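In: quick check, what structure comes out for this input:
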Amino acid sequence: MSVFKYSPVDFLFICVGLLLQLLDVVLDAVALVSFYQEGAYWSLGVLLLLLMGSSALVQAFSWLWYSDPDSDPRHTRVEKWPSRGTLRLLHLLQLGVYLRHAGVVEASLCSSGVGDPAGVAVSLSHDLSMLRLFEAFSESAPQLVLMLAITLRSGELDPVTVLKAVGSASAVAFSVTMYHRSLRSFLPDKEKQRAASSALHFLWNLLLVSSRLAALALFASALPCFIFAHFLCSWALLLLAAWRSQTDFMDGPGGERLYRGAVALVWYFDWFNVAEGRTRRRALLYHGYALADVSALCGLWCWTVSARPPRFEIPPRSAVAVAVAVVAAYVLGLLLKMVYYKWFHPNVAKDELRGVADDTDCRARPEADAEVPRVRFHGVPEAFGLRSDGDVTDRGGPSAVAPDATRCNKRMRKLAENFYS
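Out: As a prediction, the model looks like this:
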């Protein structure tokens with residue numbers, strides 16, 4: 001029996017995530033048309049850059065994982081259907097992620113043709129959760145900053161802008177939830193987290209991300225040209241931090257460089273563990289930097305709107321109240337995070353996590369599930385490798401696999417080790 005179990009709730013999350021992704025594509029098209037009709041070509045160009053860059057980043061990771069020469073990442077029939085050239089073409093057409101969704105659906109509903117359907121479904125869902133995390137912080141989060149900045153500068157609430165902002169915030173929160181559920185699947189049954197733990201994890205992430213996005217939107221609305229300089233300087237600093245962390249997530253040096261750049265992009269909005277070592281010290285340094293940055297952004301916004309009021313008048317007290325509320329939300333998120341790590345976060349040793357029995361490729365071969373043939377001998381001593389009951393394993397057949405050596409996602413297992421141990 002597989003160590004990893006794919007529950008109906010996980011399948012529901014995947015389906016809801018796919019629907020939200022398709023809805024996000026439709027809303028992106030509506031937003032682009034709206035910007036074009038309004039003549040907002042600057043906003044149109046920024047949104048196009050975000051969409052194209054995010055899609056290229058996600059498809060690049062998907063292709064690198066599919067083209068891993070050290071493993072066979074295509075387990076389902078729908079994934080094995082395209083040839084290598086066709087698979088490359090699908091990713092160039094920005095359709096590779098949908099192939100992964102189809103693989104999860106096949107492994108969840110059709111057990112025929114898949115050696116370990118539960119393990120395959122869990123492994124594919126782990127990859128999807130990581131891709132959704134990259135997409136959320138490379139597309140949804142910057143889009144939300146753009147939409148809020150436009151709304152603050154104009155002082156008018158457009159229905160499309162409000163709908164897109166709500167959709168972007170939901171996508172970010174949903175991606176963080178999926179990522180956390182993926183990490184939870186590596187916990188042993190005795191360490192399964194309660195619903196209150198997941199709710200608290202979601203809440204402090206929502207507060208930290210929302211306050212960070214609000215501070216960036218306020219700053220971008222007052223000083224739109226300087227937001228790009230702020231991003232480039234912050235991203236370069238965070239990239240250096242990611243490089244010094246010596247991450248080991250991808251299989252090749254080129255993919256690892258891309259991963260570290262993506263980590264720096266995620267860190268621009270939120271923190272997550274990516275390497276072993278003193279993660280508590282790294283998290284304290286990051287949140288100290290982020291809190292100072294949020295406070296500075298809000299302070300600069302207050303000073304700018306007081307010196308150069310926008311199209312609509314903002315009373316000084318209201319501006320200060322908004323800035324204080326944003327900073328307070330970040331501080332509250334930090335306090336809830338401390339509560340989570342103090343009373344709800346399970347600390348598990350690496351060897352207690354699921355999927356650690358096979359460190360080479362972290363998965364069992366399909367033929368390993370077959371019964372191992374045995375040959376009956378009588379009167380032969382155990383010194384020759386025979387069991388006392390007269391049974392011996394046929395060395396020419398497939399070797400036995402430990403019960404824990406079932407298929408798992410070696411990349412997400414590393415992140416689970418960093419998060420729980």
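
In: go through the helix or strand containing Ser211 and flag the buried ones.
Out: Per DSSP states H and E, Ser211 falls inside helix 195-222. Within helix 195-222, the residues that count as buried by 16 or more other C-beta atoms under 10 Å are 197-198, 200-201, 203-222. (Glycine included, C-beta is placed from N, CA and C.)

In: one more: stretch 340-348?
Out: Tyr340, His345, Pro346, Val348.

In: could those residues be laid out in JSON lines, adding secondary structure?
Out: Formatted as JSON lines, the buried residues of stretch 340-348 follow (DSSP: H, G, I helix; E, B strand; the rest coil):
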{"residue": "Tyr340", "secondary structure": "helix"}
{"residue": "His345", "secondary structure": "coil"}
{"residue": "Pro346", "secondary structure": "coil"}
{"residue": "Val348", "secondary structure": "coil"}
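
In: can you list those in CSV and add distance to Tyr66 and pLDDT?
Out: CSV is the format used below for these (distance: C-beta to C-beta, whole Å; pLDDT from 0 to 100):
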residue, distance to Tyr66, pLDDT
Tyr340, 35, 87
His345, 33, 75
Pro346, 33, 75
Val348, 30, 72
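
In: out of those, who's nearest Arg84?
Out: Nearest to Arg84 among the buried residues of stretch 340-348 is Val348, at 38.4 Å by C-beta to C-beta.

In: any idea how far Ala264 is from Pro188?
Out: Counting by C-beta to C-beta, to the nearest Å, the separation of Ala264 from Pro188 is 33 Å.

In: if you count what's nearby, which of the two comes out ahead?
Out: The residue with more neighbours, out of Ala264 and Pro188, is Ala264; 19 against 13, by other C-beta atoms under 10 Å.

In: am I right that Ala275 sits in a strand?
Out: No - counting by three-state DSSP, Ala275 falls outside a strand, being coil.

In: wait, isn't it in contact with Arg244?
Out: No - counting by C-beta atoms under 8 Å, Ala275 sits too far from Arg244 to count as a contact (9.2 Å).

In: quick one, which of the two is more surrounded?
Out: Neighbour count, other C-beta under 10 Å: between Ala275 and Arg244, Ala275 has more, with 18 against 11.

In: which residue, other than its chain neighbours, is closest to that one?
Out: Of all residues beyond its chain neighbours, the one nearest Ala275 is Ser245 (4.0 Å), with distances taken as C-beta to C-beta, 6 or more residues apart in numbering.

In: which phi and psi does the one you found have?
Out: Dihedral angles of Ser245 (phi, psi; degrees, to the nearest 10) stand at phi -70, psi -10.

In: would you confirm that it contacts Asn273?
Out: No - if you go by C-beta under 8 Å, Ser245 and Asn273 don't touch, sitting 9.4 Å apart.

In: give me the mean pLDDT for the host helix or strand of His230.
Out: Using DSSP H and E, His230 sits in helix 226-244. Averaging pLDDT along helix 226-244 yields 94.

In: what's that helix packed up against?
Out: helix 195-222, helix 253-267, helix 279-307 (3 or more C-beta pairs under 8 Å, 6 or more residues apart in numbering; DSSP states H and E).

In: put the alpha carbons of whichever helix or strand comes after the longest one into PDB.
Out: Translated: helix 279-307. Downstream of helix 279-307, the first helix or strand assigned by DSSP H and E is helix 316-339. Extracted C-alpha coordinates of helix 316-339, given in PDB (Å, rounded to 0.1, in the frame of the first residue of the first chain):
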ATOM      1  CA  PRO A 316      -3.400  63.800   6.500                       C
ATOM      2  CA  ARG A 317      -5.000  61.900   9.400                       C
ATOM      3  CA  SER A 318      -6.500  59.400   7.000                       C
ATOM      4  CA  ALA A 319      -3.200  58.900   5.300                       C
ATOM      5  CA  VAL A 320      -1.400  58.300   8.600                       C
ATOM      6  CA  ALA A 321      -4.200  55.900   9.700                       C
ATOM      7  CA  VAL A 322      -3.900  53.900   6.500                       C
ATOM      8  CA  ALA A 323      -0.100  53.700   6.800                       C
ATOM      9  CA  VAL A 324      -0.300  52.600  10.500                       C
ATOM     10  CA  ALA A 325      -2.900  50.000   9.700                       C
ATOM     11  CA  VAL A 326      -0.700  48.500   7.000                       C
ATOM     12  CA  VAL A 327       2.300  48.300   9.300                       C
ATOM     13  CA  ALA A 328       0.100  47.000  12.200                       C
ATOM     14  CA  ALA A 329      -1.300  44.200   9.900                       C
ATOM     15  CA  TYR A 330       2.300  43.100   9.200                       C
ATOM     16  CA  VAL A 331       3.100  43.100  12.900                       C
ATOM     17  CA  LEU A 332       0.000  41.100  13.700                       C
ATOM     18  CA  GLY A 333       0.900  38.600  11.100                       C
ATOM     19  CA  LEU A 334       4.300  38.200  12.700                       C
ATOM     20  CA  LEU A 335       2.700  37.700  16.100                       C
ATOM     21  CA  LEU A 336       0.400  35.000  14.700                       C
ATOM     22  CA  LYS A 337       3.400  33.300  13.000                       C
ATOM     23  CA  MET A 338       5.200  33.200  16.400                       C
ATOM     24  CA  VAL A 339       2.100  31.600  17.900                       C
END
